[in-house]
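Asker: fold the following and give me the result.
(one chain, ligands or ions: 2)
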Amino acid sequence: MTSSKVFITSAFLASGVTPLQAATTWIANLDFVANEKPDLPNPLSTELSDPNGKVPEWSYGYRDVIASTTLTLFATSDHNNAIGGNPDFQGWQNSFLTTAANTSGIVSGGLNPYDLLVHPMADSSSFTYNVIRWTAPSTGVYDISSSWYAASTLTGPGLDGVDCHIVLNGTSLFDALVAPGQTVVDFGAVNLIAGDFVDFVLGPGNSGDSTSDSTIFNTTITLVPETSSTLLIAAAAPILFRRRRKISNPPA
Ligand SMILES: [Ca+2]
Ligand SMILES: [Ca+2]
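Answerer: Ligands and ions are numbered 1, 2, ... in the order given. Below you'll find the predicted structure:
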């Protein structure tokens, strides 16, 4: 499906002059690792904070439907600094619902440095969908570039990969299936108002079976700077932004 947003710059037009503004960027995996280190009991640790104590635009949790405004945050008791016994693999886990990263700068547990791994539950669970939420800190145009890699290449009954979604304020903007071994990407610009929230949602695929559904996810969100040229264009007419997306199948 395709969505579009109309960008209206009346506030900027009224102000007349707007200074150049540096782009601000959020990167899901690096911001996650930033919150994981240092570990408690170091007094500088924020690892139990959800929303992210270092980059509070991010929250981590789950719910039982794809498109909704609800989000159940992970509990303090869901935090683990050695998931699967690997001290590099740290983050949140409730049953098999996992949001965690390789916090080391080396390959560890089959994950590349700083890989962020997400895992859903089965459809039969009361909390099927993994949700990573980003809340816009200010009104503006944001570029969002996302990828999901279904890491297992196993195929067979129930082993059909995952489904991924981008949901804005409870309404889905993007939906795709990710087959085993496949990478799906989505990129585009959206006009957001401060407080809007963008959910990156992962489910168990059409089978509803979450076996071997570990998925490497990342997204980069960039506030598009307001430049003089943008203002000139904006003065002429509202700008229509359309999301763009593609699905890539890497070589086996
Ligand atoms: Ca940690
Ligand atoms: Ca699955």
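Asker: pLDDT value on the spatially most central residue of the chain, please?
Answerer: Most central in the chain under C-alpha atoms, centre = their mean is Phe200, positioned 4.3 Å from the mean C-alpha point. At Phe200, the predicted lDDT confidence score is 98.
Asker: any idea how far ligand 2 is from it?
Answerer: According to C-beta to the ion, to the nearest Å, Phe200 stands 17 Å off from ligand 2. Any C-beta I mention is one placed from the backbone N, CA and C, and that applies to glycine too.
Asker: and if you look at Ala34?
Answerer: On the measure of C-beta to the ion, Ala34 and ligand 2 end up 30 Å apart.
Asker: any stretches of the stretch 101-250 of the chain with poor pLDDT?
Answerer: 228-250 (pLDDT under 70).
Asker: all strands of it, in order?
Answerer: 116-119, 129-135, 140-150, 162-168, 171-178, 183-192, 197-203, 215-223, 239-242, 244-248 (DSSP state E, counting those that start in this stretch).
Asker: can you list the strands that the longest one pairs with?
Answerer: Pairing partners of strand 140-150, with direction, according to DSSP bridges: strand 183-192 (antiparallel), strand 215-223 (antiparallel).
Asker: the closest residue in space to the residue nearest to the centre of the chain that isn't next to it in sequence: what's it in contact with?
Answerer: Residue nearest to Phe200 in three dimensions, not counting chain neighbours: Ile132, with 4.5 Å by C-beta to C-beta, 6 or more residues apart in numbering. Applying C-beta atoms under 8 Å, 6 or more residues apart in numbering, we find Ile132 in contact with 28, 58-60, 99, 118, 199-200, 217.
Asker: to Gly110, which of the strands paired with strand 140-150 lies closest?
Answerer: Closest approach to Gly110 among the strands paired with strand 140-150 (C-beta to C-beta): strand 215-223, 10.1 Å.
Asker: briefly note if that closest one comes near ligand 2.
Answerer: No: interface with ligand 2: strand 215-223 contributes nothing (C-beta under 5 Å from the ion), its closest point being 9.5 Å away.
Asker: send over that strand as PDB, restricted to the C-alpha atoms.
Answerer: Extracted C-alpha coordinates of strand 215-223, given in PDB (Å, rounded to 0.1, in the frame of the first residue of the first chain):
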ATOM      1  CA  THR A 215      15.300 -11.100  12.600                       C
ATOM      2  CA  ILE A 216      18.000  -8.500  12.300                       C
ATOM      3  CA  PHE A 217      16.300  -5.100  12.300                       C
ATOM      4  CA  ASN A 218      17.600  -1.600  11.900                       C
ATOM      5  CA  THR A 219      16.200   1.800  11.000                       C
ATOM      6  CA  THR A 220      17.800   5.200  10.600                       C
ATOM      7  CA  ILE A 221      15.500   8.200  11.100                       C
ATOM      8  CA  THR A 222      16.800  11.600  10.000                       C
ATOM      9  CA  LEU A 223      15.200  15.000  10.600                       C
END
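Asker: buried sites along it?
Answerer: By neighbour count with 16 or more other C-beta atoms under 10 Å, strand 215-223 contains the buried residues 215-223.
Asker: do stretch 55-63 as well
Answerer: Buried residues in stretch 55-63 (16+ other C-beta under 10 Å): 55, 57-63.
Asker: my guess is the residue nearest to the centre of the chain contacts Trp134. True?
Answerer: Yes: with contact defined as C-beta atoms under 8 Å, Phe200 and Trp134 form a contacting pair (7.5 Å).
Asker: what's the local residue count around Asn42?
Answerer: When neighbours are counted by other C-beta atoms under 10 Å, Asn42 registers 10.
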